[in-house]
Every structure is written in C-alpha cells, then in structure tokens.
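In: Structure for the following, please:
(one chain, ligands or ions: 1)
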Amino acid sequence: MFEKVLIANRGEIALRVLRACRELGVRTAVVYSAADADSAAVRLSDEAVRIGPAPSRRSYLNAAAIVEAARQVGAQAVHPGYGFLSEDADFAEICAQNGLTFIGPRPEVMAALGDKSSARALMSRAGLPLPAGSVEPVPTADAAVEVAGEIGYPVIVKAAAGGGGRGMTVVWTPADLPRAYAKTRATAQKVFGDDRVYVERYLTDARHVEVQVLCDAHGNGVHLGTRDCSVQRRHQKLIEEAPAPALSAATLDTIAETALRGALAVGFTGAGTLEFLVDAKERFHFLEINCRIQVEHPVTEMITGIDLVHEQLHIAAGTPLRLRQEEIRLHGVAVECRVNVEDPDRDFAPTPGRLERFVPPGGPFTRVDTHGYPGYLVGPHYDSLLAKVAVWAPDRELALNRLERALDEFDVAGPGVRTTIPFARRVLDDAEFRKGRHHTGLVDRLLTAPPADTPDPPVTAVTATRPSTTADRPMSD
Ligand code: MV4
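Out: Predicted coordinates for the structure are as follows:
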C-alpha cells in the first residue's frame, strides 16, 4: 500500500478519499485553492498544499501545479476524485512520467474510453448492445439524414468527445436534422475542440441504469450490481438508488454481467461505471463508461458493504482483487439525495452564501457525505453540491420513508442560501416514483406540472412534453 496519497480534489469527495486513506494507514496531502483555505479537508489532512487561486483552471485543473505539490510532499499516488482531472488521460500520463501512480485506469485505456465514439466501437465488439445508430462518426448532414432515415425518429446527435449529457441534440423530424447536426458539430468544436458527432435513435421514457465494476491490474473483475439514476435535471442527477427498481432480477443480472464483460474486454482497471438505457421492454443499450469514482457510489457501498475507495487504493497499489463475484451479495435498498445549494424556484440557480445553520441528519442507516459545517462559506466558484444524504433499509418503501425523515431533519440556512431539498421532497412524493415506474422524463414532468397547492386546470388535450435537448452547464459528475 502507498505511504502517502495526494488528493487532487475538493469538497465532499476530498473528505471521502481522505477518510479511506486514514482507515488504511495511508498518510494524506490535499491540494487546495485560495477559496478553499478553510475547508474541512485542509483541516483534517496530514498536509495541505495551496496550488493556486479560486478559478479551477488555475488550481484543480492545473496539472503542473498538482504534480509539483505531489513532489513537494513526497506522495506516491494521486487520487483525482470525480470531475476536474479525474478522467483526463493526459493528466494520468503526466503523473506516470513523474513517477506518480494515478488512481484510475491506464492513460491509453482512459483515452480510448473517454472518446464516446471509440468506447462504443470497443464495447460493441465486446458484445454490448448499443442503441440503433452509427458506430462511426457521421461525416455530413446528408449522411446523418440517411442514418436517421434507417433507424427512425426521434434521433439524438451526440458529440463523440462529449459525455455526461454535454453536446447532445434531440431531433424529432427530418426537417430539423440538418440544422441540429450543424449546431451540434459547432458546439462540439467549441467545447471539446473536436467536432465529430454520431447519430443514435433517441429512446424516450427509458431508465438510466448503471453498473459499478471493480477491475484489478491482473485481469480480475467483479460487478457490484446496478444503480438507477433516472431522476436528473439537465443531466445533473438529483436522486440515485441501488439496486435499480422495478426490473426483473434476471434483467439486472444480465446487465451487470454484460457490463463487467465489457470492462474486462477493454482492459479497464479501477472503479468504473457503465451507463445503460433500459427501455419499457427491459431491453438495454450501452451509452458510455465513466472511469472514476462517482458521486453516487455510496448507495452501492450500502447494499454491498464494500468500500469502493479502499478498493480503488488497493487496485492502484497492485494488489489482486480480494473480492470474488460469488461472495458479493446485494442486500436491501439504498437511496441517495444530492443536496445542492441552488434555488429550485429560480431555475436551480446557485445560491452561494454563508451557512449560519448547518445541522445534518443522523439516525439509523443514514449516511451524510458533506464538507459543510456551521459557518462554512459556500463560494460561487465550484459546483453547488453541498451534501449527499444516503439511507439504507431492507426494502424500497422503507428506504424512501427513511430518506424523507432524514431530509426533514436537515437544517441548512444562511442569508440567500437555498437548497434543492424541497424539490427532492416532491420527487419522493410522486406516485410513479414511489412505484419505481419512473423514467428519465420524471423531472421535466414535475417542473412543468402546476404547483402542488393549486387545483389542476381542466384537461382539454394531452400534450407531449419534449425533453430539453442540450445541457448548458459544466458538470463534475
Ligand atoms: C440518450 C437518451 C436517449 N436516447 N441517448 C444523458 C446523459 C448521457 N450519459 C446520455 N444521456 C442520454 N442519452 C439516446 N440514444 C437519454 C439520455 C438521458 C436523458 C435524456 C433527457 C433527459 C434526461 C436524461 C437522463 C438520463 C439519460
């Protein structure tokens, strides 16, 4: 095992990684920006290195500054958390060149999987089903129209270099395709410096189901079951749960085993997540693979009893997996609610400010991952995730009740500060969600529905609500 690890992140995940290191007897150093000098991670870490001013481009995204910090403290490995440099193959390569172990997949594997077009081709070859569409990038608008004509509408145009919902356009009719194609290419060029796009059938009313895998450097791998992340707004997840609800045990097993086969086939190592869409007929389609620990990893930890960050550290240190698939048992249901410092009544605009009151929930089977504390100043520079409240219970009904109970206890207040808790409560109250029958359209339906306390207007026609087509804000996960 490593003697010292550099944590190249901030917020709740920096604390999460720090705690795992402590538990394994690994010394920690954390990097921080000028905005994070008073952070809990800086206070709890053995060492802390200031690497730059608040803007992440000059701090948490500054590979040279992070490598220099690792050299200063004598760290042997770098844990990148999620977001920032966690899936940056160039950063992983720079770490290797400087004698540092990057805690994640090998750089060349990460590069191949970070390109969605290449990841799709690799996974398709490994036998994973993809949504109907083009595997190779589509070179012209005419070619896009031809592909769409074959697979049928609606289609979605996606940036090959995109990911996590950035750079996608949904197209409902042939007349709109040439413009959408040109727009997505232009956006992809601007945002990713890479204008390759591909075209897929757009699956409406599907669920977002993902599979957690752990693969070591010796060709061994296990899966840790599924998570449902269908409750999203503009590709920001709000509520996640494990295992994915309302799917047959046979379907869940097949998806999980297929995902693991794919990960092993492409030489993936570390903790990773394969994303799928599952349609109403329980057919599943591979979307993309994430080469990092994810925000929602706690729900998997709670149903498996496996500490994913411990496992990341062991794998990176070269230890063969100590887990065998047949020993991994999924037990009960875990649900996580992200608490963002945003105003759900003002289009989820961030509401930075000082937390005058901060009392997180407690109680049985209730886990709170947060970097918040009374008096903490939530700044405007980074994403607005303040806390994750995750609960476990023997079944889904009890888990949802327990989550509602925990959210009711959470006391966060400060001048101008709002949180997403009231919106989460609406989701937890929703009849379809309660039954586990919801899909990726749930949040849009709630946001276009009349407020709960006004009577319903008379119904005159059935109106189809079209999902928003582009994500327009940066994401960390
Ligand atoms: C899709 C899709 C439907 N059809 N691709 C969003 C995040 C990224 N990982 C992939 N995403 C999607 N890709 C096809 N071919 C639906 C999503 C999607 C979604 C779309 C609209 C609103 C919410 C969504 C939540 C999860 C996934």
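
In: Quick check: nearest residue in space to the residue of the stretch 351-477 of the chain found nearest the ligand, chain neighbours excluded?
Out: Nearest residue of the stretch 351-477 of the chain to the ligand, counting by Cβ to the nearest ligand atom: residue 440, 3.6 Å away. (Glycine included, C-beta is placed from N, CA and C.) Excluding the flanking residues, the one nearest residue 440 by Cβ to Cβ, 6 or more residues apart in numbering is residue 230, at 5.0 Å.

In: Count the residues that sit near that neighbour.
Out: Using other Cβ atoms under 10 Å, residue 230 has 26 other residues around it.

In: mind checking which helix or strand it is in?
Out: strand 221-233 (DSSP states H and E).

In: Close to the ligand: what parts of the stretch 301-450 of the chain are there?
Out: With Cβ under 6 Å from any ligand atom as the criterion, the stretch 301-450 of the chain comes near the ligand at residues residue 440.

In: how about the residues of the stretch 1-150 of the chain near the ligand?
Out: Within reach of the ligand by Cβ under 6 Å from any ligand atom, the stretch 1-150 of the chain has these residues: residue 131.

In: And the residue of the stretch 1-150 of the chain closest to the ligand?
Out: For the stretch 1-150 of the chain, Cβ to the nearest ligand atom, closest residue to the ligand: residue 131, 4.2 Å.

In: Contact partners for the residue nearest to residue 440?
Out: By Cβ atoms under 8 Å, 6 or more residues apart in numbering, the contact list for residue 230 reads 207, 208, 209, 438, 439, 440, 442.

In: Same question for residue 447.
Out: Residue 447 neighbours (Cβ under 8 Å, 6+ apart): residue 233.

In: Look at it and report its pLDDT.
Out: Note on residue 447: pLDDT of 96.

In: Secondary structure class of it, three-state.
Out: helix (DSSP: H, G, I helix; E, B strand; the rest coil).

In: Would you map the helices across the stretch 301-450 of the chain?
Out: For the stretch 301-450 of the chain, helices defined by DSSP state H, counting those that start in this stretch occupy the ranges 308-316, 396-409, 421-429, 431-435, 442-448.

In: residues of the helix or strand encompassing residue 51 that come out buried?
Out: According to DSSP H and E, residue 51 maps onto strand 47-52. Residues of strand 47-52 classed as buried: 47, 48, 49, 51, 52 (neighbour count, 16 or more other Cβ atoms under 10 Å).

In: ok, residue 298 - how many residues close by?
Out: 23.

In: do residue 118 as well
Out: Neighbour tally, residue 118, other Cβ under 10 Å: 18.

In: now swap in residue 105 and tell me
Out: Neighbour tally, residue 105, other Cβ under 10 Å: 29.

In: Show me what the strand holding residue 51 is packed up against.
Out: strand 27-33, helix 63-73 (3 or more Cβ pairs under 8 Å, 6 or more residues apart in numbering; DSSP states H and E).

In: which residues sit against whatever helix or strand comes next after the shortest one?
Out: Counting by DSSP H and E, the element after strand 27-33 in chain order, helix or strand, is helix 40-44. With contact meaning Cβ under 8 Å, 6+ apart, helix 40-44 is reached by 7, 10, 11, 14, 15, 18, 30, 32, 36, 48, 371, 373.

In: Tell me the most packed of those residues, by neighbour count.
Out: That'd be residue 30 among the contacts of helix 40-44, by other Cβ under 10 Å, with 30 neighbours.

In: Pull the contacting residues for it.
Out: Per Cβ under 8 Å, 6+ apart, neighbours of residue 30: 6, 7, 14, 18, 41, 42, 45, 47, 48, 49.

In: low pLDDT regions in this structure?
Out: The chain contains residues with pLDDT under 70 at 450-477.

In: ok, 90 please
Out: Within the chain, the stretches with pLDDT under 90 are 117, 135-136, 161-167, 192, 205, 449-477.

In: those strands in the stretch 51-200 of the chain, which residues are they?
Out: 77-79, 101-102, 155-163, 166-171, 197-201 (DSSP state E, counting those that start in this stretch).

In: nearest to residue 185, of those?
Out: strand 197-201 (5.5 Å; Cβ to Cβ).

In: Which single residue in the stretch 151-300 of the chain comes nearest to the ligand?
Out: Taking Cβ to the nearest ligand atom, the stretch 151-300 of the chain has residue 165 as its residue nearest the ligand, at 3.4 Å.

In: Can you report how many residues lie near the nearest residue to that residue once chain neighbours are set aside?
Out: Nearest residue to residue 165, sequence neighbours excluded (Cβ to Cβ, 6+ apart): residue 235, at 2.9 Å. By other Cβ under 10 Å, 19 other residues sit near residue 235.

In: I figured residue 235 was touching residue 163, is that so?
Out: No. Taking Cβ atoms under 8 Å as the definition, residue 235 is not a contact partner of residue 163, at 9.8 Å.

In: Excluding covalently adjacent residues, which one is nearest to residue 5?
Out: Residue 5's closest residue in space is residue 77 (Cβ to Cβ, 6+ apart), at 4.9 Å.

In: bridging residues for the one you found?
Out: Judged by DSSP bridges, the bridge partners of residue 77 are residue 5, residue 101.

In: do you know how far it is from residue 220?
Out: 20 Å (Cβ to Cβ, to the nearest Å).

In: Which of these two has more residues huddled nearby?
Out: Neighbour tally, residue 77 and residue 220, criterion other Cβ under 10 Å: the higher count belongs to residue 77, 22 against 17.

In: what sits against the more buried one?
Out: Residue 77 neighbours (Cβ under 8 Å, 6+ apart): 2, 4, 5, 6, 100, 101, 102, 103, 313, 316, 317.

In: now, among these, which is nearest to residue 110?
Out: For the contacts of residue 77, the nearest to residue 110 is residue 102 (8.7 Å; Cβ to Cβ).

In: how about that closest one, what does it touch?
Out: Contacts of residue 102 (Cβ under 8 Å, 6+ apart): 77, 78, 80, 91, 92, 95, 96, 316.

In: Which residue, neighbours along the chain excluded, lies closest to the second one?
Out: Nearest non-adjacent residue to residue 78, counting by Cβ to Cβ, 6+ apart: residue 6, 4.9 Å away.

In: isn't the one you found right next to residue 69, touching?
Out: Yes. With contacts defined as Cβ under 8 Å, residue 6 counts as touching residue 69 at a distance of 6.3 Å.

In: Spit out the residues that contact the two alike.
Out: 29, 31, 49, 75.

In: could you measure residue 386 against residue 165, distance?
Out: 22 Å.

In: Name the residue in the two with the higher neighbour count.
Out: Comparing residue 386 with residue 165 by neighbour count (other Cβ under 10 Å), the higher total belongs to residue 386, at 24 against 16.

In: contacting residues around the more buried one?
Out: 12, 339, 340, 341, 370, 371, 372, 378, 412, 419 are the contacts of residue 386 under Cβ under 8 Å, 6+ apart.

In: Residue 32: what's it in contact with?
Out: 10, 39, 41, 42, 48, 49, 50, 51, 59.

In: Perfect, I'm done here.
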